[in-house]
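Student: Sequence and predicted model, in that order:
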Amino acid sequence: MKHKLKRSVSIILAALLVMLQFGVVTTNAASSAEGKTVYFKLPDEWKGRVDANTGEEILPAAYVAGGTDGQHVPWVGEHMTLVDAENDIYSYTIPGDQTLINFNTGQQRDWQTVDLAIPGDGMIFLIDEGAGTKVATGHWEPYNTDEPRVAINTGVFQFVGNVTITLYCYNCDSAYYTVDGGEPVPYTNGQEVTIGNETAPLSDTNITLTAVKGDSSYSYEYTFSKNNSRTVYAKNSAGWDDMYVHYWGGESTSVWPGVKMQRYADSEDVYYCEIPSKSTNYKFNNGKEDGATDLEQTQNLATQDIVEGVAEVYVIVAFRKK
């Protein structure tokens, strides 16, 4: 028993040394988004929506999903609250432990963002590209706070193979991350990290980001789930510069244009990629923006046509534009 006590004390002392190394004395840690408020700046392209029945302005909406609480209300979600009319800033308070949020115009079949990872409290999302599309992208940044904050760039928490994440930190002197409670690894704003290579299928990988400012810090944890996968192959006879595969249906959907494919062995024109085994559909494309004039893609393909254990190659000799 004495040996176990001594070992426990050693572990505690080691943890304290790590905390002192990164300057962490007090920590504002968040493991759930419940009750946290996020903000959104309405782009010009989303203004002017009016309800045809009432004549009233349609406010932007936030749709949340994921976590154990899952979908809060059906699409389009809940309309947001205007908090700064001069700058078109709206707010939304997360109702449960959801992990994903999607901002949209508040109107059916209209513009929206891609799925985004909820970053915790006091963050605003600004659209950078694609405001007039259904796959608008942008970035998070702190809103009306000088406290340290963290965020990541993706809202896709289910993956196959591995997943590359861009890490962000704000209002801080330094930042670090841990994977599954391992050793802290320093990172800088915008740094990419790849996780999942050593994760077994149907297992989770937890990555915790911490931003440090003086004697305080802010931490937020994200959980990624690794799916079983199947491999799809394509022969690039169309001569595309890049090869992507977009998948949907089942338990997860890729963000357009999907996942960039890898060249197979020493082949010059055969590419491959892993997609979730439960995906129902997929298509190959050249990686251009959805709706772009130079977008080239195949027809929709069904995973049920893939023969298990057989490496069938889809030959791209012609394509269609959406």
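Tutor: Received it, and whenever you're ready, just let me know what you need.
Student: Not counting its neighbours along the chain, what's nearest T37?
Tutor: In this structure, T37 finds its nearest non-sequential neighbour in T93, 4.8 Å apart by CB to CB, 6 or more residues apart in numbering. The way it works is simple: take the backbone N, C-alpha and C, and place the C-beta from them, glycine included.
Student: cool, and R49?
Tutor: I58 (3.9 Å).
Student: how about the strands in the stretch 51-200 of the chain?
Tutor: 61-65, 78-79, 81-84, 89-93, 100-104, 116-117, 123-129, 137-142, 149-152, 158-159, 163-170, 174-179, 185-186, 191-195 (DSSP state E, counting those that start in this stretch).
Student: weakest of those in terms of mean pLDDT?
Tutor: Among those, strand 158-159 carries the lowest mean pLDDT, at a mean of 84.
Student: Partner strands of it, with direction?
Tutor: strand 216-226 (parallel) (DSSP bridges).
Student: If you count neighbours, what's buried in the partner strand?
Tutor: Of the residues in strand 216-226, those buried under the neighbour-count criterion (16 or more other CB atoms under 10 Å) are S216, S217, Y218, S219, Y220, E221, Y222, F224, S225, K226.
Student: Kindly report the same for stretch 100-115.
Tutor: 100-107, 111-115.
Student: Redo those as TSV? Include distance to G182.
Tutor: Listed next are the buried residues of stretch 100-115 as TSV, based on distance: CB to CB, whole Å:
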residue	distance to G182
L100	25
I101	28
N102	31
F103	33
N104	37
T105	42
G106	42
Q107	45
W111	40
Q112	36
T113	32
V114	29
D115	27
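Student: Can you tell me which of the residues you listed is closest to W240?
Tutor: Closest to W240 out of the buried residues of stretch 100-115 is V114 (22.8 Å), distances taken as CB to CB.
Student: surely that closest one meets T133?
Tutor: No - the pair V114 / T133 is not scored as a contact, 9.6 Å apart, by CB atoms under 8 Å.
Student: On the three-state scheme, E45 is what?
Tutor: When classified by DSSP: H, G, I helix; E, B strand; the rest coil, E45 comes out as helix.
Student: which residue ranges form the helices in this protein?
Tutor: 2-21 (DSSP state H).
Student: Which pair of the buried residues of stretch 100-115 spans the longest distance?
Tutor: Most distant of the buried residues of stretch 100-115, by CB to CB, are L100 and Q107, 20.2 Å apart.
Student: list the contacts for V259?
Tutor: Shown in contact with V259 (CB atoms under 8 Å, 6 or more residues apart in numbering): Y244, V245, H246, Y247, C273, I275.
Student: Among the residues you listed, which one sits closest to L202?
Tutor: I275 (15.6 Å).
Student: and that closest one, what does it touch?
Tutor: V160, S229, R230, T231, V232, V245, Y247, S254, V259, Y282, T303.
Student: What subset of the residues you listed is buried?
Tutor: Using 16+ other CB under 10 Å, the buried members of the contacts of I275 are V160, S229, R230, V232, V245, Y247, S254, V259, Y282, T303.
Student: Dump the buried residues of strand 216-226 into CSV; add distance to Y143 as well.
Tutor: Output for the buried residues of strand 216-226, formatted as CSV (distance: CB to CB, whole Å):
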residue, distance to Y143
S216, 18
S217, 19
Y218, 14
S219, 19
Y220, 15
E221, 21
Y222, 20
F224, 26
S225, 29
K226, 33
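Student: can you redo those residues as TSV with pLDDT and distance to W75?
Tutor: Below are the buried residues of strand 216-226 laid out as TSV (pLDDT from 0 to 100; distance: CB to CB, whole Å):
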residue	pLDDT	distance to W75
S216	92	38
S217	95	36
Y218	95	31
S219	95	31
Y220	94	26
E221	94	27
Y222	94	24
F224	91	24
S225	89	23
K226	89	27
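Student: which one of those residues is nearest T210?
Tutor: Ranked by distance to T210 (CB to CB), the buried residues of strand 216-226 are led by S219 at 4.3 Å.
Student: my read: the closest one touches R149, true?
Tutor: No - using CB under 8 Å, S219 makes no contact with R149, being 10.3 Å away.
Student: ok so, going back, residues touching the residue nearest to T37, list them.
Tutor: T93 neighbours (CB under 8 Å, 6+ apart): G35, K36, T37.
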